[in-house]
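Peer 1: sharing a model that was predicted from the sequence below.
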Amino acid sequence: MKRYFSWAVLVAGMGYFILPLVGLTEFSLSMRRGEYSFDAYAAVLADPTFRQTFSYSVVMALLTIAFGVLLVVPTAYWVRLKLPRLRPYVEFVTLLPLVIPAIVIVFGYIRMFNTSSWLPLTGSTTGTNLLLMFGYSTLSLPYMYRAVDTGLRTIDVATLTEAAQILGAGWVTILARLILPNVLVAVLSGAFVTFAIVIGEFTLAALLNRPAFGPYLQLMGANRAYEPMALAVIAFGITWACMGLIQLVTRFSKHTKAAR
Amino acid sequence: MAFLDIEHLEKSYGPTKVVKDFNLGVEKGEFVSFLGPSGCGKTTTLRMVAGFETPSQGTIRIDGRDMARLRPNHRNIGMVFQSYALFPNLTVAQNVAFGLKVAGEKREVIDERVAEMLDTIGLSDLGARYPFQLSGGQQQRVALARALAVRPQVLLLDEPLSALDAKIRVSLRGEIRAIQKKLGITTIYVTHDQEEALSMSDRIVVMHQGIADQVGTPFEIYNRPTTRFVANFVGTLTLLEAEVIDPALGKVRIGDTEAVLGRALPKGKITLAVRPEMISLGSVPGRETEVSGRIIDVDFLGSVIRLRAQIGDAVLVFDTFNSSRSVPPKVGATVTLSLAASDLLLIGE
């Protein structure tokens, strides 16, 4: 009886998650009356605004990942190596973006970095793009920090650092040639989550008035019927591909197997 | 001045002094072991030589150069860690080459040195493997090769064999000593295993509560311990409380038995010690001091049998060789034990 109940809960749960996706996909394929087709997808892919916003978001995602790695890996490493007592506080700070809404963050940014401030980042396109990248980094910080910190937990950071130091290595060499390669799987996990977040993010990009994929999704959703559904399916596809890649890099990492 | 010169070295963590006025001179090519129980300060001293800990006081000089202001990566010291500390993302050959690459050596030099080192440790065929594909013993050999590849001035080994099983430990300690002798590298070896220290070292520093209790050759440490701690820690022995009745002749009374040690002794009560192998079962010519006792315990240790005999208030521990032709005494048997008075060691505090 208990077993049937477990199965029933599982099926109900899967239905709850999968049915809307099936409905969404089915609707996105129904643009041509009376038959299934990829017309909505073709229309979306042919739209130059799609290509432009998607490319913009991909570039922003890559920049965010690069900045996140440069910020988080040395920080998490240093906290683990030299400041273990500060770990709870640093973790708390990295979790703040989960409880502070993106709209609060972006209004804070606009107030801090507007054209009449001491650092008028919003006064230029490059400055605003930079601000958006910092915003994305903040939003992805909880995921990136946790992923890297978990990766660092699997290696003996202190002893490996000392072993490298005694062989003549400085901090940059240690970070670039030992720490980063050894937490690469964790970094990639964080990077894929960051990518998924940036691709679909709306609030920051819309309020900073940047041509990102999130606002484009919203714009299409407000004016069209089938195309937004196709876009949603594409966005889901990207997220799932990222998840799949996380699994893949974890499985094929050749030097992180348990010691004999 | 010795090649590695440590003077008045001290280390405190808050109010706790973990290393106290440590002095040692190590000659070039010498193999010195720091021996002591956990928490005696031996690893802390080693880490100060490596540069991972900053001394609270004192100086460390290598070849006349003060190490105080040098960071670990500028000291030209090789170190082997207890946990191997091989870089998991690099192959065996890349691990060995790491220090050379950091030093900016040419490709040909690196390849040649890596091949030489892998040959020295007998792992020439395993250069392409990752650390996780090696056994513990192989990993520790690679760690040794990696430390030696940069041709350091001093080699430090921090309990390198303690994570390995007994048989590999014995074979690897022989290999380490042979490589050290071949390369003539000045070495400090930290261990809590007295057998390791006794079998490998030119000299041993026995450490206790942050101080060097005794520094000497393995023979001196074992046969002439100067403190009660060294006597107790190194090897097995029986401590005997004795009273000096003729200081000039070295005549003492131990319980009901009198013995002449044949050397001058201080007046009053003293502590003597005797090693198990110095005591014989039955009367033996040349071992003039004889006592009777009752066997209270028999331990079969393979090649030797360790027995304990109650002699008055004292318990004497002694060994006999295992032999299929003779049966050791049973518990409760009364036996005569003999020893040479000159084998009795005078123990200080």
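Peer 2: Okay, I see it.

Peer 1: pLDDT below threshold where in the chain?
Peer 2: Just so you know, I chose chain A. A:252-260 (pLDDT under 70).

Peer 1: that's the wrong chain, I wanted chain B
Peer 2: For chain B, the ranges with pLDDT under 70 are B:348-349.

Peer 1: quick one: the helices in it?
Peer 2: Along chain B, counting by DSSP state H, helices occupy B:42-50, B:92-102, B:107-120, B:136-149, B:166-183, B:194-200, B:218-223, B:228-233.

Peer 1: the second one: how far from the chain's middle?
Peer 2: When distances are taken as Cα atoms, centre = their mean, to the nearest Å, helix B:92-102 is centred 30 Å away from the chain's centroid.

Peer 1: and the angle from that helix to helix B:136-149?
Peer 2: 20 degrees (axes from the mean of the first three to the mean of the last three Cα atoms, to 10 degrees).

Peer 1: go ahead and name everything in contact with helix B:92-102.
Peer 2: Applying Cβ atoms under 8 Å, 6 or more residues apart in numbering or on different chains, the contact partners of helix B:92-102 are A:164, A:167-169, A:173, B:86-87, B:90, B:109-110, B:113-114, B:117-118, B:123, B:126-131, B:134, B:142, B:145-146, B:149-150. (Glycine included, C-beta is placed from N, CA and C.)

Peer 1: cutoff 6 Å now
Peer 2: A:167-169, B:86-87, B:110, B:113-114, B:117, B:126-127, B:129, B:142, B:145-146, B:149-150 (Cβ atoms under 6 Å, 6 or more residues apart in numbering or on different chains).

Peer 1: burial count for residue 101?
Peer 2: As the question left the chain open, I've gone with chain A. Residue A:101: 11 surrounding residues under other Cβ atoms under 10 Å in any protein chain shown.

Peer 1: right idea, wrong chain: chain B
Peer 2: 16.

Peer 1: with the one 3 residues further on instead?
Peer 2: Per other Cβ under 10 Å, the neighbour tally for residue B:104 reads 8.

Peer 1: one more: residue B:139?
Peer 2: 23.

Peer 1: can you tell me how far it sits from chain A?
Peer 2: To chain A, residue B:139 is 8 Å away according to Cβ to the nearest Cβ, to the nearest Å.

Peer 1: that residue against residue B:84, yeah?
Peer 2: Yes - between residue B:139 and residue B:84 there is a contact at 4.4 Å, judged by Cβ atoms under 6 Å.

Peer 1: what's the closest of the helices of chain B to residue A:211?
Peer 2: helix B:92-102 (45.0 Å; Cβ to Cβ).

Peer 1: got the angle between that closest one and helix B:107-120?
Peer 2: 140 degrees.

Peer 1: CA atoms only for helix B:92-102 - export them in PDB, please.
Peer 2: This file holds the C-alpha atoms of helix B:92-102, laid out as PDB (Å, rounded to 0.1, in the frame of the first residue of the first chain):
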ATOM      1  CA  VAL B  92      53.200  11.800 -12.200                       C
ATOM      2  CA  ALA B  93      55.700  13.400 -14.600                       C
ATOM      3  CA  GLN B  94      54.000  16.800 -14.400                       C
ATOM      4  CA  ASN B  95      54.100  16.600 -10.600                       C
ATOM      5  CA  VAL B  96      57.800  16.000 -10.600                       C
ATOM      6  CA  ALA B  97      58.300  18.700 -13.200                       C
ATOM      7  CA  PHE B  98      56.200  21.300 -11.300                       C
ATOM      8  CA  GLY B  99      59.000  22.900  -9.300                       C
ATOM      9  CA  LEU B 100      61.300  23.000 -12.400                       C
ATOM     10  CA  LYS B 101      58.600  24.700 -14.500                       C
ATOM     11  CA  VAL B 102      58.000  27.300 -11.800                       C
END
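
Peer 1: about what we covered before: just the buried subset of the contacts of helix B:92-102, please.
Peer 2: Neighbour-count burial (16 or more other Cβ atoms under 10 Å in any protein chain shown) applied to the contacts of helix B:92-102 gives A:167-169, B:86-87, B:110, B:113-114, B:117, B:126-127, B:142, B:145-146, B:149-150.

Peer 1: and chain A, which residues reach chain B?
Peer 2: Residues of chain A that fall close to chain B, judged by Cβ under 6 Å from any Cβ of the partner chain: A:159-160, A:162-163, A:165-169, A:178, A:181-182, A:255, A:257, A:259.

Peer 1: mind giving me the ChimeraX command for buried ones among those residues?
Peer 2: Provided next is the ChimeraX selection string for whichever of the residues of chain A next to chain B are buried by 16+ other Cβ under 10 Å:
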select /A:160,162,163,165,166,167,168,169,178,182,255
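
Peer 1: which pair in the residues of chain A next to chain B spans the largest distance?
Peer 2: So, the residues of chain A next to chain B by Cβ to Cβ: farthest apart are A:168 and A:257, at 28.5 Å.

Peer 1: ok, now which ones touch the spatially most central residue of chain A?
Peer 2: In chain A, the residue lying closest to the centroid (Cα atoms, centre = their mean) is residue A:194, at 1.3 Å. Applying Cβ under 6 Å, 6+ apart to residue A:194 gives the contacts A:64-65, A:68, A:140.

Peer 1: the residues you listed: which two are farthest apart?
Peer 2: A:65 and A:140 (8.3 Å).

Peer 1: more neighbours: the two, which one.
Peer 2: Here residue A:65 and residue A:140 are compared on neighbour count by other Cβ under 10 Å; more neighbours surround residue A:140, at 27 against 23.

Peer 1: contacts only, for the more buried one.
Peer 2: By Cβ under 6 Å, 6+ apart, the residues touching residue A:140 are A:68, A:194, A:197.

Peer 1: find the nearest non-adjacent residue to it, please.
Peer 2: residue A:194 (4.0 Å; Cβ to Cβ, 6 or more residues apart in numbering or on different chains).
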